[in-house]
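In: Dropping a prediction and its sequence here:
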4 protein chains.
Amino acid sequence: MTVSMEDNPAFNRIPSWVKAKLRPQAIDIIQKVYDWIETECIPAEAVYKAQVAKDHWKTPAVMHELRKKAKSAGLFNLFLPDHFEESPGLTNLEYSCCAEIMGRCYWAAQTMNCHAPETGNIELLAKYCTPEQKEKWLKPLMEGSMASAYSMTEPDVASSDATQIGISMKIEGDTVVINGRKLYGNAQWNDEMGIYILMGCSDPTNPNRWRRHTTLIVPSKTPGLKMKRNLTIMGYDHAPEGHGEYVYENVRVPVENIILGPGRAFEIAQGRLGPGRIHHCMRLIGQTERAYELALIRAIDPRKKPRGKLIGEFDSNIERLAQMRLELDAMRLVVLNAADVMDTQGNKAGKYAIAQSKILIPNMAVRIIDECMQMYGGQGLTQHTVLPEMWTYARFVRVADGPDAAHRHQVGRDQLKTAPAFKARFDGYETRRKELCEKWGIEFETF
Amino acid sequence: MTVSMEDNPAFNRIPSWVKAKLRPQAIDIIQKVYDWIETECIPAEAVYKAQVAKDHWKTPAVMHELRKKAKSAGLFNLFLPDHFEESPGLTNLEYSCCAEIMGRCYWAAQTMNCHAPETGNIELLAKYCTPEQKEKWLKPLMEGSMASAYSMTEPDVASSDATQIGISMKIEGDTVVINGRKLYGNAQWNDEMGIYILMGCSDPTNPNRWRRHTTLIVPSKTPGLKMKRNLTIMGYDHAPEGHGEYVYENVRVPVENIILGPGRAFEIAQGRLGPGRIHHCMRLIGQTERAYELALIRAIDPRKKPRGKLIGEFDSNIERLAQMRLELDAMRLVVLNAADVMDTQGNKAGKYAIAQSKILIPNMAVRIIDECMQMYGGQGLTQHTVLPEMWTYARFVRVADGPDAAHRHQVGRDQLKTAPAFKARFDGYETRRKELCEKWGIEFETF
Amino acid sequence: MTVSMEDNPAFNRIPSWVKAKLRPQAIDIIQKVYDWIETECIPAEAVYKAQVAKDHWKTPAVMHELRKKAKSAGLFNLFLPDHFEESPGLTNLEYSCCAEIMGRCYWAAQTMNCHAPETGNIELLAKYCTPEQKEKWLKPLMEGSMASAYSMTEPDVASSDATQIGISMKIEGDTVVINGRKLYGNAQWNDEMGIYILMGCSDPTNPNRWRRHTTLIVPSKTPGLKMKRNLTIMGYDHAPEGHGEYVYENVRVPVENIILGPGRAFEIAQGRLGPGRIHHCMRLIGQTERAYELALIRAIDPRKKPRGKLIGEFDSNIERLAQMRLELDAMRLVVLNAADVMDTQGNKAGKYAIAQSKILIPNMAVRIIDECMQMYGGQGLTQHTVLPEMWTYARFVRVADGPDAAHRHQVGRDQLKTAPAFKARFDGYETRRKELCEKWGIEFETF
Amino acid sequence: MTVSMEDNPAFNRIPSWVKAKLRPQAIDIIQKVYDWIETECIPAEAVYKAQVAKDHWKTPAVMHELRKKAKSAGLFNLFLPDHFEESPGLTNLEYSCCAEIMGRCYWAAQTMNCHAPETGNIELLAKYCTPEQKEKWLKPLMEGSMASAYSMTEPDVASSDATQIGISMKIEGDTVVINGRKLYGNAQWNDEMGIYILMGCSDPTNPNRWRRHTTLIVPSKTPGLKMKRNLTIMGYDHAPEGHGEYVYENVRVPVENIILGPGRAFEIAQGRLGPGRIHHCMRLIGQTERAYELALIRAIDPRKKPRGKLIGEFDSNIERLAQMRLELDAMRLVVLNAADVMDTQGNKAGKYAIAQSKILIPNMAVRIIDECMQMYGGQGLTQHTVLPEMWTYARFVRVADGPDAAHRHQVGRDQLKTAPAFKARFDGYETRRKELCEKWGIEFETF
């Protein structure tokens, strides 16, 4: 099912300003990713599901095979930035085009080792670990032979404010003793689960509240670390990775497992705020495209003719399809712009554009996928289509990495900082207005 | 945990015009229902869930016990209209107040034999069956010792247009032979599943397309009737009742199982369009109230203080809580009005008010429950609260009994029929306007 | 054009629970109001507009005539509560039905002396004035021979918080000297303008901030009171009543003009918070009905057939018309419920229901009228229909008497007060849940 | 008030991919336009308004002066495409950046001869006129010494379907005789009004309905052409240009005034569908930015502290400001992308992107400006700010050049054309899925 570039709808939807920035080797990779998804992933969804159903927390055989094939096809770790030796050297913009396509199948990114939370974790370990730590933990992650989790959220505090993180890390000699609870973080029950990158509180009385926390590695089999239950998301267990609810009871790890040093968790957290934060959004664009295609297919389904007309012959549906297309394409521009800002101005400058993606795109995806479900009537909510899983994932991204509202607050506060300059400019208008009123003999009115 | 009427928030929320119409015995029942839900149902949710988890398609022991207790407490079949001997004689308006409270717990209505699809099925059988049929099927339904399903939707046609229903019913002597597929209808796998009330096509070439269809009873163990799979709703199997996908292969039932007679399915379908159509909506009001209470509780949770403030101290959340309250209360007025119209003007006159409930309320419930989930941040989508199940149920009601759009079309077309009268009135204004312009010496302008 | 009750669409739309509460004499008045509006007001709109265009700030002759006729027909001061001698004795619910109909024509309420701000001002003066004050000011208002304004908003403070009101009132012997600025309040330029009921600050250093303010009467011709400009609303001058921007420069009025006594402005403001606050909302329902009728008429206009179909033959428009109808009818239930609560439980108990109307209804009206305008395409925004004026008025009500957000805050804060009781009930569930888990041998899990 | 590029907020908001495409001379022009608007236009708004108020349909003196200055500063006709000799040679993308800035002041584009409908008319005349026609009509338009109108909409048909245009054009020898009615088109009453570019029906029985119409020039003083009234937009007369309602009674023009030839109106209409269609949208971005700045200024206004806090200290407003910023910036990406598509792929390829702008941007602008008005409370709707005029203009653009719904239909129909290809691809998945199910020994289920 190799598709030529010309007939590739995912390629055709790339805005022309982006196309002009894609290098030939990137175009080649985008094409390969597309063929990969269309030929190896989407048609294998039923196989994947059946294998997971059988052995719930085990990575299914089809995933093992696809990882192997993707690796040998040079489609592994595509997300890796330039400074990695193994990096294919894609820009964020180029990678976005790949990630959108990956998003068409829920687990496809994993076949290419481009899935969350691995991509963020790999970047973190690469940036902050010692060579020994890297050898032990980064290597297997990059090879795709081990899974990892980033563990931050807690049930007992407002975790969107990370300074409140409370899990206790006591340093006793060359050991750190950990006690407390965590939510989320991939399931310990998964057969490949290797390490938890844990953020905790090691120095609660430090007057500088940005120096109280430490990040360290907890191997998943460490005694005392217990996964209390699988956290379902809208009822889905998301096996075989899943999300866990964890209790740490006197979990002991060596101090060598500390990353960067005690008290430096916030430095690390900052460093994690790069492109990985919008990989989700890139993939949501592609996922929503697939939902949209399903809506189009329903619209011309010859079996579905209420009152004698195809669903796509009702102009209410024509308007719905148009509005969804328009908004989806607008959101693609938003995420591609964010990628481009990171490429051309750096991750820090991209902060606003990342927040813009993070807030707008999951909301759009939730709305559009919901509308597509509704076009399928009673069937739309069942397993007859992938739409319910898509909706659930998009809804999840609205709370992942902090709820919308927290991000909006940050953006809003930054905007308010610009207000005094506008006020000054406004006062400047008044001065000039007075001059002009005098010149033209008009009364200078004030309000 | 008996609550006096004064402190009963569900009672306090009843609008005063409704309270004035509630008879003392109804108020007494409302109070009992409230105590029942608060004391026997909500606290038993965990037990119910654990028992279902163990034996998936079996009615759990706790349900059996609660049904028995509810029956002996006189809280059984509350929905039954007056003309039933067993009816407690509640008006639709009075029953609405009960149903709202039942909605607080997903399966509570079933403890009182007031759940879908039984209520609609009981009314149908009572209205159209012969005494023999009633003895056989209606009696066990009313006793709560058997479950039933109404089976209409099909995968191969646009079922919102019922004239397209295609499952074949061939009458061969004293037997009807059934072939085809159906979607939805409670799961055959359920241990109490007794009968399918099946709508099918027995006379496809009849020139009158309203006389082509027949409704009959298919006992669930009839050979040839196979449940192909459980239809999940947003991933939930909704066990132990669930929804099935069915194949009928030469299923043979006696002609005595036909209701009312061959070709009379549409008569029966019409008769089913009564109060049962908005029991869902009544319960959704109560369910959304419970979601709202959870949001209030989150708002004052002392553990959750992002940036040092309780969630309920952020005025953005104060505004959200206000807006949800206002809309929820407005929707209660809509459903209570529909109940009252049926009481005072009959089911037929209630057609518009029923559609109004059916369209507006599930949409409102979906939005509000979603907002409540969002106030719980990362936890909101997990099993830590009942919110995800509530959302899913409300979303399901948006497609149950036909999608919103189908109902909107009906309402819109009815409105258009009133347009010519308004046009005539408008022309009347013009005639009078001309008179007045002349009288006052003003130019008569036309646009 | 007398319409029998049966054919009266405004009467038919009254919910049945309300109809049952209308006394025969009220039904008779509703019918008369309907005929009045349809025969004397709507067809006279062009005359009214032409007369105002000629002499901008003068009450037009047609208004004088209609007031006279309405008075002699017993259709004057219908809003007056029971305790007024002149009251026709309508309940709030009955008056709501009248007010909805009045809302169909922008200035119709004024022909019946039922317009803002007179209704609120009449109630205030009746409640708090001495017999001498009443003779002087209340009488002409009730006769409709003088206009009045309530003057509270100021440009220099956040007036939605009335304790900030800053206009200075210095009591010097038997005179009060007023200095400061006010916004809004009917135009001084109007030929019938008689009095300003002014709220100001007479005792700025009083430790009790609820005792700092005084309400008094300022006759409109008092020297020093200057209307700086007419405040336009979305560009409309709203002549001949209009809104003014005022400067008070050493305006002197006798102390006899103080209402109730110095420092008692907040007592008076409280007393003003009755049914008058939602007369606006009642009328908006009727106004939106008229907009909706115009949309229906457009939908069947034989001249408008894009792509060969009537506008009402496009199912997108059918859905729009349905949705508008559903929401409009829901909002009628909200405002009628508020009226009924005031009737049966008093104005104070109605506080929440009033806020509910005040917040929800103007927003609904703005949206629906906007949608109706859009159905008229390019013509919709022009003077070819009354839609632009309707939209502007509805938009204005969103800020009149405080913006939506201020009211939402109040409602939200009141809701939060109920949270602890729900938390207690929730904890009660947990105790009972523990019992039940033990009884059934289920693990008691906590989240 | 010259602002350096670094401090220029309008420049800073340009996305980096666009900045990279701006040539130095374009950056220089953008800077000049910014200084022009900030120094000469915005502060002169009061003067403009006062002069128009005095002499309603006369181009005010301040406009004459500014046009002269702009011309000598090289800021005239900036929109002109490359192939014009007088063109400054800006790309659509570069011009978009200028147009956004022009949008900050309602009439600023006119000072630079970049206003509607002139820009579209100039392109049309340049493309289709003979040298004689150009000398007579194009030249004065390009010099800004004459005004023109494009006259298409009619009151008696659905003008969004241009084939229905019905105004009669009879060719009698060397004269065309015109009879009928038109809506919109700039006011004849304006002192500079020169020509109407009129689309009418010259050959109503032509079997090819795309050849029935003719476009010709009607000088504004031609006998028989009467402006019946000024069409107000939400109550605004939009003087001195305004919109007219026209009657043509035996209006006679020479056949030389026909453009391109009889029956070729649709060819001409097609040619008019270029960048001019989204100049409106470009300017709306800038206009909405100015509204947003006003909201920011209100947020820090020290006089406005309800309950003791600045408006910008309420986190509900912080969230509102964030959401507005995010959506506004997303819309800028949409319009800039459309400009870029036209630059790199041509106007025809830009059809979709133009429709996307045309539908999404006015809606966004209406919503955001409305929200900004609301943040100003009671003052927001008055002439104290420019917000009401801004809202009205944005609302107008929702119907100008066809209502949203008409454009959505076109987009939706185009999308449906792509459905069969997706269906084919979907069937391809099924084939491949079957292969994979066999390979892995999984049952091949169908739904």
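Out: Alright, I've got the coordinates.
In: tell me the secondary structure for the residue in the stretch 51-200 of chain A that chain D sits nearest to?
Out: Here the residue of the stretch 51-200 of chain A nearest chain D is residue A:62; by Cβ to the nearest Cβ that distance is 6.4 Å. Any C-beta I mention is one placed from the backbone N, CA and C, and that applies to glycine too. With DSSP: H, G, I helix; E, B strand; the rest coil as the basis, residue A:62 sits in helix.
In: now do residue A:431
Out: Per three-state DSSP, residue A:431 ends up helix.
In: how much space between it and residue D:104?
Out: Separation of residue A:431 from residue D:104 (Cβ to Cβ, to the nearest Å) stands at 18 Å.
In: Looking at these two, which is more packed in?
Out: residue D:104 (25 against 10; other Cβ atoms under 10 Å in any protein chain shown).
In: how close does that one sit to chain A?
Out: According to Cβ to the nearest Cβ, to the nearest Å, residue D:104 stands 11 Å off from chain A.
In: what's the helix or strand for that residue?
Out: Using DSSP states H and E, residue D:104 sits in no helix or strand.
In: quick one: contacts for it?
Out: Residue D:104 sits next to D:10, D:37, D:38, D:41, D:42, D:286, D:287, D:289, D:290 when contact means Cβ atoms under 8 Å, 6 or more residues apart in numbering or on different chains.
In: Output stretch A:84-97 as PDB, nothing but the C-alphas.
Out: Extracted as PDB, the C-alpha positions of stretch A:84-97 are listed here (Å, rounded to 0.1, in the frame of the first residue of the first chain):
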ATOM      1  CA  PHE A  84      22.100  12.800  19.900                       C
ATOM      2  CA  GLU A  85      24.500  10.600  18.000                       C
ATOM      3  CA  GLU A  86      21.600   8.400  17.000                       C
ATOM      4  CA  SER A  87      19.400  11.300  16.000                       C
ATOM      5  CA  PRO A  88      18.000  11.200  12.400                       C
ATOM      6  CA  GLY A  89      18.400  15.000  12.700                       C
ATOM      7  CA  LEU A  90      14.900  16.100  12.100                       C
ATOM      8  CA  THR A  91      13.900  19.600  13.000                       C
ATOM      9  CA  ASN A  92      10.900  20.000  15.300                       C
ATOM     10  CA  LEU A  93       8.900  21.100  12.300                       C
ATOM     11  CA  GLU A  94       9.900  18.000  10.400                       C
ATOM     12  CA  TYR A  95       9.200  15.800  13.300                       C
ATOM     13  CA  SER A  96       5.800  17.400  13.800                       C
ATOM     14  CA  CYS A  97       4.800  16.200  10.300                       C
END
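In: For that stretch, the averaged confidence score.
Out: Mean per-residue pLDDT for stretch A:84-97: 92.
In: ok, now stretch A:53-73?
Out: 96.
In: residues making contact with that stretch?
Out: Residues contacting stretch A:53-73 (Cβ under 8 Å, 6+ apart): A:32, A:36, A:40-41, A:44, A:47-48, A:51-52, A:76, A:107, A:110-113, A:144, A:187, A:189-192, A:237, A:239-240, A:242, D:440.
In: For the closest residue to residue A:98 other than its chain neighbours, grab phi and psi.
Out: Distances taken as Cβ to Cβ, 6 or more residues apart in numbering or on different chains place residue A:33 nearest to residue A:98, at 4.7 Å, with adjacent residues excluded. Main-chain torsions, residue A:33, degrees, to the nearest 10: phi -60, psi -40.
In: what about residue A:33, how many neighbours?
Out: 27.
In: pretty sure it is touching residue A:101, no?
Out: Yes: the criterion here is Cβ atoms under 8 Å, and residue A:33 meets it with residue A:101 at 5.0 Å.
In: Tell me which residue is most central in chain A.
Out: When Cα atoms, centre = their mean is applied to chain A, the residue found nearest the centroid is residue A:280 (2.4 Å).
In: so which helix or strand takes in residue A:339?
Out: Short version, using DSSP H and E: residue A:339 is in helix A:315-345.
In: hang on, residue A:320 packs against residue A:370?
Out: No: judged on Cβ under 8 Å, residue A:320 makes no contact with residue A:370 at a distance of 11.4 Å.
In: higher neighbour count, the two?
Out: residue A:320 (23 against 20).
In: Which residues are in contact with the closest residue to the more buried one other than its chain neighbours?
Out: In space, and not counting its chain neighbours, residue A:320 is closest to residue A:371: 6.2 Å by Cβ to Cβ, 6+ apart. Neighbouring residues of residue A:371 by Cβ under 8 Å, 6+ apart: A:295, A:320, A:324.
In: Kindly list the main-chain dihedrals of residue A:150?
Out: The phi/psi pair for residue A:150 (degrees, to the nearest 10) is phi -110, psi 120.
In: And the pLDDT at it?
Out: pLDDT, residue A:150: 93.
In: Show me what it is bridged to.
Out: residue A:197 (DSSP bridges).
In: Chain C versus the residue of the stretch 51-200 of chain A closest to chain D, what's the distance?
Out: Taken as Cβ to the nearest Cβ, the span from residue A:62 to chain C is 34 Å.
In: And residue A:333, by the same measure?
Out: Counting by Cβ to the nearest Cβ, the separation of residue A:333 from chain C is 26 Å.
In: surely that residue meets residue D:331?
Out: No: the criterion here is Cβ under 8 Å, and residue A:333 misses it with residue D:331 at 9.7 Å.
In: The two: who's more crowded?
Out: Shown here are residue A:333 and residue D:331; by other Cβ under 10 Å, residue D:331 has more neighbours (24 against 21).
In: who are the neighbours in contact with the more buried one?
Out: Neighbouring residues of residue D:331 by Cβ under 8 Å, 6+ apart: A:330, D:285, D:288, D:360, D:361, D:364, D:365.
In: Point me to the residue of the stretch 301-447 of chain A nearest chain B.
Out: Counting by Cβ to the nearest Cβ, the stretch 301-447 of chain A gets nearest chain B through residue A:306, at 3.9 Å.
In: Please see if stretch A:281-301 touches chain D.
Out: Yes: using Cβ under 8 Å from any Cβ of the partner chain, stretch A:281-301 comes into contact with chain D via A:293, A:296, A:297, A:299, A:300.
In: Only C-alpha atoms, please: export that stretch in CSV.
Out: Extracted C-alpha coordinates of stretch A:281-301, given in CSV (Å, rounded to 0.1, in the frame of the first residue of the first chain):
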residue,chain,number,x,y,z
CYS,A,281,-0.7,17.8,20.4
MET,A,282,1.1,16.9,17.2
ARG,A,283,-0.3,13.4,17.4
LEU,A,284,-3.8,14.7,18.3
ILE,A,285,-3.9,16.5,15.0
GLY,A,286,-3.4,13.2,13.2
GLN,A,287,-5.8,11.4,15.4
THR,A,288,-8.5,13.9,14.8
GLU,A,289,-7.8,13.7,11.1
ARG,A,290,-8.6,10.0,11.3
ALA,A,291,-11.8,10.7,13.2
TYR,A,292,-12.7,13.1,10.5
GLU,A,293,-12.0,10.6,7.8
LEU,A,294,-14.4,8.2,9.6
ALA,A,295,-17.0,11.0,9.6
LEU,A,296,-16.6,11.4,5.8
ILE,A,297,-16.9,7.7,5.3
ARG,A,298,-20.1,7.7,7.3
ALA,A,299,-21.4,10.6,5.3
ILE,A,300,-21.4,8.5,2.1
ASP,A,301,-22.3,5.1,3.7
